[in-house]
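1. Sequence below, structure please.
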Amino acid sequence: QVQLAESGGGLVQAGGSLRLSCAAAGRTFSMNTMGWFRQATGKEREFVAAISWNDGSTRYADSVKGRFTISRDNAKNTVYLQMNSLNPEDTAVYYCAADRWALLRTTGYDYWGQGTQVTVSS
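-> Numbers count the residues shown, from 1 in each chain. Okay, the predicted model is just below:
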């Protein structure tokens with residue numbers, strides 16, 4: 001089992017920045033990829049970004065490319081999502097997820113955190 005805990009959400013004005021953190025505990029050695037997803041009110045959950053635990057390779061959704069950066073600290077078992085140039089369309093609950101099997105895919109993750117709210121005001 002892997003436990004994931006997100007932090008760092010909050011309220012920010014358009015154009016501002018936030019950094020989300022996801023701390024992993026448990027059988028973290030079994031994880032292949034870590035991802036960030038988001039779900040806005042009334043919408044389906046969508047992929048945001050992913051990173052390989054092993055080599056740090058990354059993948060982003062087109063909507064966040066150039067604005068968001070995913071990174072990891074293997075020693076701390078923590079993944080980060082640096083979000084810059086935020087706009088109201090980025091408002092959502094952001095979830096951290098872990099994938100045991102595949103590399104950088106956008107679906108099929110095995111473990112999920114509880115989520116952290118990000119609200120961007122105009």
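2. what separates the most centrally placed residue in the chain from Ser122, distance-wise?
-> By C-alpha atoms, centre = their mean, the chain has its centre lying nearest to Trp36, at 2.3 Å. According to C-beta to C-beta, to the nearest Å, Trp36 stands 23 Å off from Ser122. For glycine as for every other residue, the C-beta is placed from the backbone atoms N, C-alpha and C.
3. where along this structure do the strands fall?
-> 2-7, 10-13, 18-26, 33-39, 46-52, 58-60, 68-73, 78-83, 92-99, 111-112, 116-121 (DSSP state E).
4. what pLDDT, on average, does the fifth one get?
-> Yep, that's strand 46-52 we're talking about. Average pLDDT, strand 46-52: 97.
5. As PDB, could you dump the C-alpha coordinates of that strand?
-> Extracted C-alpha coordinates of strand 46-52, given in PDB (Å, rounded to 0.1, in the frame of the first residue of the first chain):
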ATOM      1  CA  GLU A  46      -8.300  15.400 -15.900                       C
ATOM      2  CA  PHE A  47      -4.600  14.600 -16.100                       C
ATOM      3  CA  VAL A  48      -2.300  17.500 -15.400                       C
ATOM      4  CA  ALA A  49       1.300  16.200 -15.200                       C
ATOM      5  CA  ALA A  50       3.400  13.100 -14.400                       C
ATOM      6  CA  ILE A  51       6.900  12.200 -13.500                       C
ATOM      7  CA  SER A  52       9.000   9.100 -13.500                       C
END
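6. Pretty sure Val79 is one of the things Ala24 touches, is it not?
-> Yes: with contact defined as C-beta atoms under 8 Å, Ala24 counts as touching Val79 (7.3 Å).
7. what residues are shared contacts of the two?
-> Common neighbours of Ala24 and Val79, counting by C-beta atoms under 8 Å, 6 or more residues apart in numbering, are Met34.
8. Who has more neighbours out of those two?
-> Ranked by neighbour count (other C-beta atoms under 10 Å), Ala24 and Val79 place Val79 first, with 29 against 22.
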